[in-house]
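>>> Predicted model follows, preceded by the sequence.
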Amino acid sequence: MAFMPMKTAVKGPAVPLEQSDSPDIIDEAISTFRANVLFKNFEVKGGADRTLIYLTLYIQLAMGACEKVKTKKEAKTALYQLAIKSFTIPGDAGWSLGGMFPPPESRDETESLKAYIKQARTECSERLLDRFYNEDGTQNKWWMSFSKRKFMGKALSA
């Protein structure tokens, strides 16, 4: 998994993106989510693709968490709790993506990966609020209609 730079105020190991007007990995994951979620297969060409796969699956998980939450204010709390919740990484029991992601080789690499994923999940959750909910605070039906889809038939464990 590549540690891609991102535009974020959340503390973590990701390098800040120098050009704040250019899209980052989270913007790419969100903008391509509705097309990517229809894929049964996804060709992995490198670490950036693995990061995109993880973020796509996280968006799917976040959408599932927001499905039951009707207001934007409640969703903000639910998504923050989901972002900081304990999660599995490659090499852990319960990791749902099998051999698609190589496990970390050292304890330092494990801690860096956990910190990066937590930072990416938190930043992604903040950006998803405006997509999942309209300005009046109601759910955006065009986004939530994708909540039952499974990207590559996989899902992250909640």
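Structure's in. What do you need? Residues are numbered from 1 along each chain as shown.

>>> contacts, neighbours, all on C-alpha from now
Noted.

>>> Tell me where the model's unsure across the chain.
Within the chain, the ranges that satisfy pLDDT under 70 run 158.

>>> ranges for the helices of it?
For the chain, the helices defined by DSSP state H cover 25-36, 47-67, 72-84, 107-132, 141-144.

>>> which ones are touching Met6?
Ala14, Val15, Pro16, Leu17, Asp24, Ile25, Ile26 (Cα atoms under 8 Å, 6 or more residues apart in numbering).

>>> Which strand residues bridge it?
Met6 forms beta bridges with Pro16, as assigned by DSSP bridges.

>>> what's the spacing between it and Glu109?
Using Cα to Cα, to the nearest Å, we find Met6 at a distance of 19 Å from Glu109.

>>> same deal with Phe33?
28 Å.

>>> who's more crowded, these two?
Between Phe33 and Glu109, Phe33 has the larger neighbour count (other Cα atoms under 10 Å), namely 21 against 12.

>>> Isn't the more buried one up against Thr56?
Yes. Under the criterion of Cα atoms under 8 Å, Phe33 makes contact with Thr56 at 6.1 Å.

>>> okay, how far is it across stretch 135-142, tip to tip?
OK, stretch 135-142 end separation, Cα to Cα: 14 Å.

>>> In that stretch, which residues are buried?
Gly137, Gln139, Asn140 (16 or more other Cα atoms under 10 Å).

>>> Also stretch 21-37?
Quick answer for stretch 21-37 (16+ other Cα under 10 Å): Asp24, Ile25, Ile26, Asp27, Ala29, Ile30, Phe33, Arg34, Asn36, Val37.

>>> Let's have these in TSV, adding distance to Tyr116.
Output for the buried residues of stretch 21-37, formatted as TSV (distance: Cα to Cα, whole Å):
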residue	distance to Tyr116
Asp24	14
Ile25	13
Ile26	12
Asp27	16
Ala29	16
Ile30	18
Phe33	20
Arg34	24
Asn36	22
Val37	23
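
>>> Closest one to Ala120 out of the residues you listed, please.
Of all the buried residues of stretch 21-37, Ile26 has the smallest distance to Ala120: 7.6 Å, by Cα to Cα.

>>> how close does that closest one get to Asp92?
Counting by Cα to Cα - Ile26 and Asp92 are separated by 24 Å.

>>> now the farthest one out in the protein, which residue is it?
Centroid-distance maximum for the chain: Asp136 at 24.7 Å, with Cα atoms, centre = their mean.
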